[in-house]
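[1] My questions concern the predicted model and sequence given below.
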Amino acid sequence: MAGHNVTVERTIKALLDDKKYSALKDILVTMNGADIAAIFEEIPKDKTPLLFRLLPKKLAAETFVEMSSDLQELLIKRFSDKELRDVINELYVDDAADLIDEMPANVVKRILAHADPQMRREINEILKYPENSAGSIMTTEYISLKPEMTIDEALKRIRATAVDRETIYTCYVIENRRLLGVVTLKDILLVKDDEARISDIMKTNVIAVHTYDDREDIAKLLSKYNFIALPVLDNEDLMVGIITFDDAMDVLEEEATEDIERMAAMLPSEKEYLRSSVFAIFRQRIPWLLLLMVSATFTGLIITKFENALAAQVVLTAFIPMLMDTGGNSGSQASATIIRAISLGDVGFASLPKVIWKEIRVATLSGMTLAAACFVKISLIDKLLLGNSEVTFLVAFVVCAALAVTVLVSKLIGSTLPIFADKLGFDPAVMSSPFITTIVDAISLCVYFGFASALLLH
């Protein structure tokens, strides 16, 4: 079951068709906003505004955040000014900023016109930061306490401000906008003396990030320390917001999707697959396909250069696909492993010598195993079973030797190119299977024909 219960969806559609709005509302108020949003994606678009208006204000805002940008835009255009104001002012600031970032200019203008002045200022504050920065995903809504507050005063402040805060578990101790420490709600509740000071229980060794730090690095930091949130400081070390773990999860999902697309030789997509137009998918795929097609012409040039060798030993042609595929697969394995290690922070440029030495040993074992298996296959199947008299011991040796060297070279290329790409500031995922395979194909042919020319042609 993906995203929501199919039976509930059918029930809601049936009630909607029968115009039983009271029963519909009774069902919807018991559901999670994400599940309601998933159902909204399946019902006819002309029915969406009607169904949305059945939701209580807070649930409506939670549902709205989970919707696709297309559906959000449709609702905004159908909203009255009051409805739009109610929804916008119920959103957390970072969600409102994300919404504005995805909407066309005319819709953005209407959203900002109906947001309250403080919300508008906070949205503009977030939107000024670069797309991949910590500032772009932070929220300015957090619990702040003073160091001189008593436990009783702190609890009163939390109760008074919690309704508008994205998280209340971690509280930040601030003086003149400078972050002095953190204290959890659990720490506060466990103190028996209501007159104790926040400064007595706060932790001063605080891990914080800055507004222009890379958001993917921040997400990894949250994952590493299992934090619920991280404080964000500006260039003057003044606290301006927090990044919560749910925003970090969204970042990791987006980055993983982007890496997968790049590893498959595609440009990153802006929308989900089913919401992308045919032309958008075409534009996403065609640049790399053209580049790889042109680069693959080098393979043809190499074969042409060694056509004399092929003419003298036609049987060599039969083993070209196996060599190229094995080389490409070996390089792809190494590149995928290293790209993943780089993304997790396990491997960097300083690790290059260790990576090379490890891959040499792995490639040697793999190459020897594959060469031995290949020799047995050629001897038993090609020579004995198929009775191919052109497959001599020397031909088998050339194929197996070329295979072993190809595996070695392929794994070295596959493991080192992503590291060099990362060092130069490129996304390591660019050095992925299609790119590696194209390079390895050319090299494997050079190795193969090199052995053939040296041992079979006199």
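    Done, it's in. Numbers count the residues shown, from 1 in each chain.

[2] where's residue 127 relative to residue 164, distance?
    20 Å (C-beta to C-beta, to the nearest Å). Backbone N, C-alpha and C define where each C-beta goes, glycine included.

[3] which one of the two has more residues nearby?
    Shown here are residue 127 and residue 164; by other C-beta atoms under 10 Å, residue 127 has more neighbours (16 against 11).

[4] residues contacting that one?
    Going by C-beta atoms under 8 Å, 6 or more residues apart in numbering, residue 127 touches 97, 100, 101, 136.

[5] give me that answer again for 10 Å
    Taking C-beta atoms under 10 Å, 6 or more residues apart in numbering, we find residue 127 in contact with 96, 97, 98, 100, 101, 108, 135, 136.

[6] got it, and residue 73?
    Counting by C-beta under 10 Å, 6+ apart, the residues that residue 73 touches are 67, 99, 102, 103, 104, 106, 107.

[7] Quick check: the gap between the closest residue to residue 259 other than its chain neighbours and residue 401.
    Leaving out its chain neighbours, the residue that sits closest to residue 259 by C-beta to C-beta, 6 or more residues apart in numbering is residue 429, at 4.2 Å. Taking C-beta to C-beta as the measure, residue 429 falls 33 Å from residue 401.

[8] And residue 349, by the same measure?
    Using C-beta to C-beta, residue 349 is found at 33 Å from residue 401.

[9] circling back to that earlier point, comparing residue 429 and residue 401, which residue is more hemmed in?
    residue 429 (26 against 18).

[10] quick revisit: by neighbours, which of the contacts of residue 127 wins?
    residue 96 (26 neighbours).

[11] what mean pLDDT does stretch 98-106 have?
    Confidence over stretch 98-106, taken as the mean pLDDT, stands at 82.

[12] CA-only coordinates of that stretch in PDB, if you can.
    The C-alpha coordinates for stretch 98-106 follow below in PDB (Å, rounded to 0.1, in the frame of the first residue of the first chain):
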ATOM      1  CA  ASP A  98       9.400  26.400   0.000                       C
ATOM      2  CA  LEU A  99       5.900  27.100  -1.300                       C
ATOM      3  CA  ILE A 100       6.900  30.500  -2.700                       C
ATOM      4  CA  ASP A 101      10.000  29.100  -4.200                       C
ATOM      5  CA  GLU A 102       8.000  26.700  -6.400                       C
ATOM      6  CA  MET A 103       5.100  29.000  -7.400                       C
ATOM      7  CA  PRO A 104       5.000  31.300 -10.500                       C
ATOM      8  CA  ALA A 105       5.400  35.000 -10.000                       C
ATOM      9  CA  ASN A 106       1.700  35.900 -10.100                       C
END
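
[13] Low-confidence ranges, the stretch 351-458 of the chain, go.
    386-387, 432-433, 457-458 (pLDDT under 70).

[14] And the stretch 151-300 of the chain, by the same measure?
    260-275, 292, 295-296.

[15] quick one on the thing from earlier: with respect to residue 289, which of the contacts of residue 127 is nearest?
    The shortest gap between residue 289 and any of those belongs to residue 101, at 29.9 Å (C-beta to C-beta).

[16] filter the contacts of residue 73 to the buried ones?
    Among the contacts of residue 73, the ones that count as buried by 16 or more other C-beta atoms under 10 Å are 67, 99, 103, 107.

[17] so which two of the contacts of residue 127 are the farthest from each other?
    Across the contacts of residue 127, no pair lies farther apart than 108 and 135, at 18.9 Å, counting by C-beta to C-beta.

[18] hang on, the earlier thing: surely the residue nearest to residue 259 is in contact with residue 436?
    No - with contacts counted by C-beta atoms under 10 Å, residue 429 stays clear of residue 436, the gap being 11.5 Å.

[19] Could I get the full set of strands for the stretch 1-150 of the chain?
    Applying DSSP state E, counting those that start in this stretch to the stretch 1-150 of the chain gives strands spanning 144-145.

[20] so where is it shaky, pLDDT-wise?
    Scanning the stretch 1-150 of the chain with the threshold set as pLDDT under 70 gives 1-5.

[21] Just the helices from it, written as ranges.
    According to DSSP state H, counting those that start in this stretch, the stretch 1-150 of the chain carries its helices in the segments 6-17, 21-28, 33-40, 48-52, 57-66, 69-78, 81-90, 93-102, 105-114, 117-127.

[22] Residue 373 - how many residues pack around it?
    12.

[23] and if you look at the one 5 residues further on?
    Other residues within reach of residue 378, judged by other C-beta under 10 Å, total 23.

[24] Kindly confirm my reading that the residue nearest to residue 259 is in a helix.
    Yes - assessed by DSSP: H, G, I helix; E, B strand; the rest coil, residue 429 belongs to a helix.

[25] how about the helices of the stretch 251-400 of the chain, start to end?
    For the stretch 251-400 of the chain, the helices defined by DSSP H, counting those that start in this stretch occupy 278-295, 297-305, 307-312, 320-343, 352-377, 393-423.

[26] For residue 41, which of those is the nearest?
    Closest among the helices of the stretch 251-400 of the chain, using C-beta to C-beta: helix 278-295, at 18.6 Å.

[27] secondary structure class for residue 240?
    Taking three-state DSSP, the label given to residue 240 is strand.

[28] Break the chain down into its domains, please.
    6-136, 144-252, 296-455 (automatic domain parsing).

[29] Would you mind giving those domains as CSV with distance to residue 279 added?
    Shown next, in CSV, are those (distance: least, C-beta to C-beta, whole Å):
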stretch, distance to residue 279
domain 6-136, 16
domain 144-252, 27
domain 296-455, 22
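
[30] Of the ones you listed, which is nearest residue 288?
    Nearest to residue 288, of all the domains of the chain, is domain 296-455, at 6.8 Å by C-beta to C-beta.

[31] Can you measure across stretch 72-89, start residue to end residue?
    Stretch 72-89 has an end-to-end distance of 15 Å (criterion: C-alpha to C-alpha, to the nearest Å).

[32] Could I get the buried residue list for that stretch?
    Within stretch 72-89, the residues that count as buried by 16+ other C-beta under 10 Å are 72-76, 78-79, 83-85, 87-89.

[33] Stretch 7-27 too?
    Neighbour-count burial for stretch 7-27 flags 8, 9, 12, 15, 16, 24 (criterion: 16+ other C-beta under 10 Å).

[34] In TSV, list those along with distance to residue 395.
    As requested, the buried residues of stretch 7-27 are arranged in TSV below (distance: C-beta to C-beta, whole Å):
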residue	distance to residue 395
8	66
9	63
12	69
15	74
16	72
24	75
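
[35] Closest one to residue 32 out of these, please.
    After measuring the buried residues of stretch 7-27 against residue 32 - C-beta to C-beta - the closest member comes out as residue 8, at 11.2 Å.

[36] Pull the contacting residues for that closest one.
    Neighbour list for residue 8: 27, 28, 30, 31, 35, 36, 39 [criterion: C-beta under 10 Å, 6+ apart].

[37] likewise residue 235?
    Going by C-beta under 10 Å, 6+ apart, residue 235 touches 210, 211, 212.

[38] And for the second one, the neighbour number?
    Looking back up the chat, that one is residue 211. Neighbours of residue 211 (other C-beta under 10 Å): 20.

[39] I'm done for today, thanks for sticking with me.
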